[in-house]
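S.K.: model this:
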Amino acid sequence: MKTRNSRPRVLSAAALGAAVAVAATTLAAAPPAGASDRFHDGLPGVTPRAETAPVFDDEEGGNADADDPAIWRNAADPDRSLVITAVKEGGLRVYDLDARQVQAVAAPPAPGPEDAPGRFNNVDLVHGLRLSSGRADVAVSSDRGTDRLRFHRIDGGAAGAPPTDVTDAAAPRIFTASQEEVNEERTAYGLAAYTDRRTGRSYAVVSRAGTTEVALLELDATSAGTVTYRKVRTVALPAAFRLPGGGSWSPCGEPGELPQVEGMVVDTRTGTLYAGQEDVGVWRLPADLRGAPRLLDKVREFGVPAAYDEESDECLPAGEDPGLGGARLAADVEGLTLLPGGAGGAGRLIVSSQGDDTFAVYERGRYADGFRVVASGELDGAEECDGAAVLDAPLGSRYPDGLLVVQDGHVSPEDDDREATGFKFVDLAHVEAALGERRS
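M.R.: As a prediction, this is how the structure comes out:
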């Protein structure tokens with residue numbers, strides 16, 4: 001079972017050269033903590049304030065692979081706020097604002113000897129969900145290993161008190177009809193949870209691995225104090241695209257795989273879903289999945305002919321670049337998160353451009369700026385970032401202006417050649433300063 005990037009990436013001489021240049025620049029950059037510096041591509045670099053201990057994706061490390069974060073604010077005591085993260089077969093890991101692990105939740109065991117265990121891919125939050133015991137904040141996770149959602153009530157910031165599992169035992173599979181289908185891994189993948197401002201009802205938008213499918217699920221509390229869901233509707237994003245002058249293009253992938261979606265976020269003010277189709281770009285569509293999707297931006301590799309090579313497990317160029325791609329995103333498109341408070345009150349969409357280790361910022365539907373998370377002292381930067389989460393509310397003395405948490409796909413130095421991943425904590429004030437927006 002692949003861990004970091006389940007789809008082969010298109011390799012080219014230009015891409016390899018750019019990657020080497022980016023790596024060299026990042027290694028050479030070590031500005032003071034919180035400072036910004038401009039790189040060869042004109043993007044500022046911001047430095048992390050803290051980082052979690054690495055997790056390792058092997059039997060010795062518990063098959064943990066850092067993927068996606070969510071930030072929970074403790075309204076009664078903001079200094080005791082938490083960062084809840086999905087680490088796949090490692091379950092959920094919960095950190096305090098110093099990036100120290102304080103809680104852990106194991107993924108569900110395999111239902112049978114031939115079955116895969118639970119595998120938490122993405123995590124998000126629903127605030128004030130009405131349970132039989134009262135309203136509560138709940139962490140929602142997409143469990144790729146069982147094709148279900150998992151729900152954990154957040155009981156506070158006390159160390160050693162893990163979130164309480166409130167998943168209804170009868171919660172259905174989302175996309176598959178049997179355990180045999182689950183084992184084929186075409187299961188729940190990306191996730192965005194939200195509450196409709198008009199109706200007060202809570203939902204999760206879930207994507208399916210290896211396909212273009214996206215499903216809308218309505219969350220429902222039971223009389224027993226648990227949470228389940230029902231499927232409202234499913235849509236499929238495009239898998240093939242018409243080209244100017246005739247013909248069509250589809251992103252390269254393993255045989256039988258379609259260009260999947262993972263990173264997603266909902267702007268509840270406008271009822272808009274932003275969905276990152278990894279090898280295509282960023283879509284926007286109504287959060288209720290009614291209406292036509294529209295491409296906000298495309299990856300640079302859009303339209304480039306490529307063919308899957310079984311021996312290398314990579315997609316190799318099969319023709320000239322027709323120049324149809326965008327200028328800001330390098331496949332894969334990964335973590336998406338929303339930062340309110342742009343010009344005129346418009347929200348800003350932050351997108352992880354995994355292929356070049358940058359983050360693109362969009363405002364009012366257009367590219368506005370970008371940045372990198374770079375090394376400083378003993379803290380390295382963020383490379384091949386999967387998930388990202390931002391919160392612009394005060395988080396006590398450590399982050400009075402808010403916090404950005406990003407996954408780091410290559411924690412340095414790696415231990416004994418094991419794949420090491422983790423999360424970086426970035427002061428949001430430093431991001432705002434790097435983007436040229438000073439707080440009053």
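S.K.: and the longest strand for the chain?
M.R.: Taking DSSP state E as the criterion, the chain has its longest strand at strand 120-131.
S.K.: mind listing the helices for this structure?
M.R.: Using DSSP state H, the helices of the chain run over 13-28, 179-183, 428-434.
S.K.: and the first one, what's its mean pLDDT?
M.R.: Looking at helix 13-28 alone, the average pLDDT works out to 35.
S.K.: And for the last one?
M.R.: When pLDDT is averaged along helix 428-434, the result is 94.
S.K.: repeat for the second one
M.R.: The average pLDDT for helix 179-183 rounds to 95.
S.K.: what's in contact with it?
M.R.: Helix 179-183 is contacted from outside by 111-112, 114-116, 145-147, 173, 176, using Cβ atoms under 8 Å, 6 or more residues apart in numbering. In this view, the C-beta of every residue, glycine as well, is placed from N, C-alpha and C.
S.K.: 10 Å instead?
M.R.: 110-112, 114-116, 143-148, 173, 175-176, 187-188 (Cβ atoms under 10 Å, 6 or more residues apart in numbering).
S.K.: about what we covered before: which parts of the longest strand of the chain count as buried, going by neighbours?
M.R.: Across strand 120-131, burial judged by 16 or more other Cβ atoms under 10 Å covers 120-127, 129, 131.
S.K.: Model confidence for the closest residue in space to residue 355 that isn't next to it in sequence, exactly?
M.R.: Once flanking residues are discounted, residue 355 sits nearest to residue 330: 2.9 Å by Cβ to Cβ, 6 or more residues apart in numbering. Predicted confidence (pLDDT) at residue 330: the value is 96.
S.K.: ok so, going back, quick check: the farthest pair among the buried residues of strand 120-131?
M.R.: Spatial extent of these (Cβ to Cβ) is set by the pair 121 and 131 at 24.3 Å.
S.K.: so how far is residue 334 from the residue nearest to the spatial centre of the chain?
M.R.: By Cα atoms, centre = their mean, the chain has its centre lying nearest to residue 387, at 2.8 Å. If you measure residue 387 against residue 334 using Cβ to Cβ, to the nearest Å, the figure is 7 Å.
S.K.: Identify the contacts common to those two.
M.R.: Listed as contacting both residue 387 and residue 334 by Cβ under 10 Å, 6+ apart are 67-68, 190, 262-263, 352, 406-407.
S.K.: Which of the residues you listed fall in strands?
M.R.: 68, 190, 262-263, 352, 406-407.
S.K.: Among those, which pair sits farthest apart?
M.R.: Greatest spacing in these, by Cβ to Cβ: 190 and 406 (16.4 Å).
S.K.: what about the two, which has more around it?
M.R.: For residue 190 versus residue 406, neighbours defined as other Cβ atoms under 10 Å are more numerous around residue 190 (29 against 26).
S.K.: where does the stretch 251-400 of the chain have low pLDDT?
M.R.: Flagging of the stretch 251-400 of the chain using pLDDT under 70 yields the residue ranges 341-346.
S.K.: Please repeat the previous calculation with a cut-off of 90.
M.R.: Scanning the stretch 251-400 of the chain with the threshold set as pLDDT under 90 gives 340-347, 364-365.
S.K.: And the strands in it, which stretches?
M.R.: Counting by DSSP state E, counting those that start in this stretch, the segments of the stretch 251-400 of the chain that form strands are 261-267, 272-277, 281-286, 294-298, 306-309, 314-317, 333-339, 348-353, 358-363, 366-373, 388-391.
S.K.: Nearest to residue 42 among the ones you listed would be which one?
M.R.: Closest of the strands of the stretch 251-400 of the chain to residue 42 is strand 366-373, at 8.5 Å (criterion: Cβ to Cβ).
S.K.: any idea of the angle the closest one forms with strand 358-363?
M.R.: Orientation of strand 366-373 against strand 358-363 (axes from the mean of the first three to the mean of the last three Cα atoms, to 10 degrees) gives an angle of 150 degrees.
S.K.: Residue 200 contacts residue 130, doesn't it?
M.R.: Yes - with contact defined as Cβ atoms under 10 Å, residue 200 reaches residue 130; the gap is 8.6 Å.
S.K.: In a markdown table: the strands of the stretch 251-400 of the chain, plus mean neighbour count and distance to residue 72.
M.R.: Converted to a markdown table, the strands of the stretch 251-400 of the chain look like this (neighbours: other Cβ atoms under 10 Å; distance: least, Cβ to Cβ, whole Å):
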| stretch | mean neighbour count | distance to residue 72 |
| --- | --- | --- |
| strand 261-267 | 26 | 16 |
| strand 272-277 | 24 | 22 |
| strand 281-286 | 21 | 26 |
| strand 294-298 | 18 | 28 |
| strand 306-309 | 17 | 41 |
| strand 314-317 | 18 | 38 |
| strand 333-339 | 25 | 14 |
| strand 348-353 | 25 | 19 |
| strand 358-363 | 22 | 22 |
| strand 366-373 | 20 | 21 |
| strand 388-391 | 24 | 9 |
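S.K.: Same list (those) but as TSV, adding distance to residue 214.
M.R.: Formatted as TSV, the strands of the stretch 251-400 of the chain follow (distance: least, Cβ to Cβ, whole Å):
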stretch	distance to residue 214
strand 261-267	6
strand 272-277	7
strand 281-286	9
strand 294-298	15
strand 306-309	24
strand 314-317	23
strand 333-339	13
strand 348-353	17
strand 358-363	20
strand 366-373	24
strand 388-391	19
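S.K.: looking at those strands, which is closest to residue 213?
M.R.: strand 261-267 (8.3 Å).
S.K.: CA atoms of that closest one as PDB?
M.R.: Output in PDB follows, covering the C-alpha atoms of strand 261-267 (Å, rounded to 0.1, in the frame of the first residue of the first chain):
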ATOM      1  CA  VAL A 261      -9.400  14.600  -5.400                       C
ATOM      2  CA  GLU A 262      -7.900  15.000  -1.900                       C
ATOM      3  CA  GLY A 263      -7.500  18.500  -0.500                       C
ATOM      4  CA  MET A 264     -10.900  20.200   0.000                       C
ATOM      5  CA  VAL A 265     -12.300  23.100   2.000                       C
ATOM      6  CA  VAL A 266     -15.700  24.800   2.200                       C
ATOM      7  CA  ASP A 267     -16.200  28.600   2.400                       C
END
